[in-house]
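[1] Here is the input, now give the coordinates:
(one chain, ligands or ions: 1)
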Amino acid sequence: MSRGGKVAQPQRYAGRVALVTGASRGIGRASAEMLAREGARVVVNYRRDEAAAAATVAAIESAGGTAWACAADLSVESDLVAMFGAIAEREGRLDVLVANAAATAFKPLAATRRHNLEKTFGITVLGFVSAVQLALPLMPKGGTICAVSGFDSIRVLADHGALGAAKAALETLVRYLAVELAPRGLRVNGVNPGFIETDSARLYGGAEYDSRVRGDWIARTPLGRLGDPTEIAAVIAFLCSADASFVTGQTLVADGGLTLG
Ligand SMILES: NC(=O)c1ccc[n+]([C@@H]2O[C@H](COP(=O)([O-])OP(=O)(O)OC[C@H]3O[C@@H](n4cnc5c(N)ncnc54)[C@H](OP(=O)(O)O)[C@@H]3O)[C@@H](O)[C@H]2O)c1
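    From the prediction side, this is the model:
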């Protein structure tokens, strides 16, 4: 116990630098806050929403942590190069890479345009491989990578064909990278969340989110509720920490039992 009766926060990330992509909202924000609370200096990546990224940084700082925001569209190679250049200059190292950001057009595959596929795969697949390649020169032995997948990779979900396929590729990349990077002393894992209550979940649910969609997903989830972003952040914080030192190449399903049925 610390002074004031509060339970002391473990400091599994003291002295470490972490990049969380898509950290302006949802799971990314919760992960950035959790890693910072455990001692990491956090780079808060976002694409457009500067105010939301600044709010993540402010929340981290007001909890006593250290963070800075860095805009980069992960589907644009030059943005990635610039972001990793900034990390090299400001931090000189990167211990943890959390590849969380995603975006897609929710449509049936028959109506999906080529540019929708390019954008979806550009972030989740090409952007992930490029980010790992750019991170490698900055990652010391003991570095960890965690990719955020989704249950659309293992179950068919209406209008999720493009994203589901990209997430399935992402999980395969996790396995290959785990083997390729093990000799460097790096671990690579993933987390596969169920239905987590975030802005994009509400967007996917559309106008009927509160009246129907939310209740439908609760009914389909054996634990009888939706997930909270902090519950995925906790899995990421575990997988990227020394507590998971013998775990690599795995994508841990954290879905309240949703995909068991
Ligand atoms: N929510 C769920 O139920 C659920 C379920 C399974 C898997 N997931 C996965 O979990 C991850 C996070 O989901 P979420 O619901 O927390 O996300 P979200 O609320 O949709 O937030 C997406 C984040 O990604 C950023 N982003 C989007 N496109 C980007 C790009 N091209 N380059 C850089 N950043 C970009 C956004 O930045 P801006 O705000 O600046 O645009 C934002 O910070 C995603 O990979 C998603 O597929 C979510």
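[2] List the contacts of the spatially most central residue of the chain.
    The centre of the chain sits closest to residue 100, judged by Cα atoms, centre = their mean, with a distance of 2.3 Å. When the contact criterion is Cβ atoms under 8 Å, 6 or more residues apart in numbering, the partners of residue 100 are 20-23, 27-28, 31, 148, 236. (C-beta placed from N, C-alpha, C; glycine too.)
[3] ok, it to residue 162 distance?
    In this structure, residue 100 and residue 162 are separated by 18 Å, where distance is defined by Cβ to Cβ, to the nearest Å.
[4] Now flag whichever of the contacts of residue 100 is closest to the ligand.
    Minimum separation from the ligand among those (Cβ to the nearest ligand atom) is found for residue 22, which lies at 2.5 Å.
[5] neighbouring contacts of the worst-scoring helix or strand of the chain on mean pLDDT?
    None of the helices or strands of the chain scores lower by mean pLDDT, DSSP states H and E than helix 199-205, at a mean of 85. With contact meaning Cβ under 8 Å, 6+ apart, helix 199-205 is reached by 25-26, 106, 195, 209, 213-214, 226.
[6] and what of stretch 48-61?
    By Cβ under 8 Å, 6+ apart, the residues outside stretch 48-61 that reach it are 23-25, 29, 32-33, 36, 42, 44-46, 66-69, 71.
[7] That one and the ligand, any residue contact?
    Yes - among the residues of stretch 48-61, 48-49, 52 lie within reach of the ligand under Cβ under 6 Å from any ligand atom.
[8] List buried members of these by neighbour count.
    residue 52 (16 or more other Cβ atoms under 10 Å).
[9] if we can go back for a sec, in strands, which of the contacts of stretch 48-61 appear?
    Among the contacts of stretch 48-61, the subset assigned to strands under DSSP state E consists of 42, 44-46, 66-69, 71.
[10] From these, pick out the ones that also neighbour the ligand.
    Of these, the ones that also sit near the ligand (Cβ under 6 Å from any ligand atom) are 45-46.
[11] Among the ones in strands among the contacts of stretch 48-61, which pair sits farthest apart?
    Of all pairs drawn from those, the widest gap by Cβ to Cβ lies between 66 and 71 and measures 18.6 Å.
[12] between these two, which one's more packed in?
    Between residue 66 and residue 71, counted using other Cβ atoms under 10 Å, the more crowded position is residue 71 (17 against 13).
[13] need the residues of this protein near the ligand, please.
    Residues of the chain lying near the ligand (Cβ under 6 Å from any ligand atom): 21-28, 45-49, 52, 73-75, 100-103, 123, 148, 150-151, 193, 195-196, 198-201.
[14] Can you go through these and name the buried ones?
    Listed as buried from the residues of the chain next to the ligand are 21-28, 45-47, 52, 73-75, 100-103, 123, 148, 150-151, 193, 195-196, 198, 200-201; burial here means 16+ other Cβ under 10 Å.
[15] Where helices are concerned, which of these count?
    When helices are assigned by DSSP state H, the members of those inside them are 26-28, 52, 200-201.
[16] tell me which of those residues is nearest to residue 252?
    Using Cβ to Cβ, residue 27 is the member of these that sits closest to residue 252, with 13.7 Å.
[17] what inclination does the one helix or strand residue 54 maps to have with respect to strand 41-46?
    In this structure, residue 54 sits in helix 50-62 according to DSSP states H and E. If you take axes from the mean of the first three to the mean of the last three Cα atoms, to 10 degrees, helix 50-62 sits at 160 degrees to strand 41-46.
[18] Go through helix 50-62 and flag the buried ones.
    Judged by neighbour count (16+ other Cβ under 10 Å), helix 50-62 contains these buried residues: 52-53, 55-57, 59-60.
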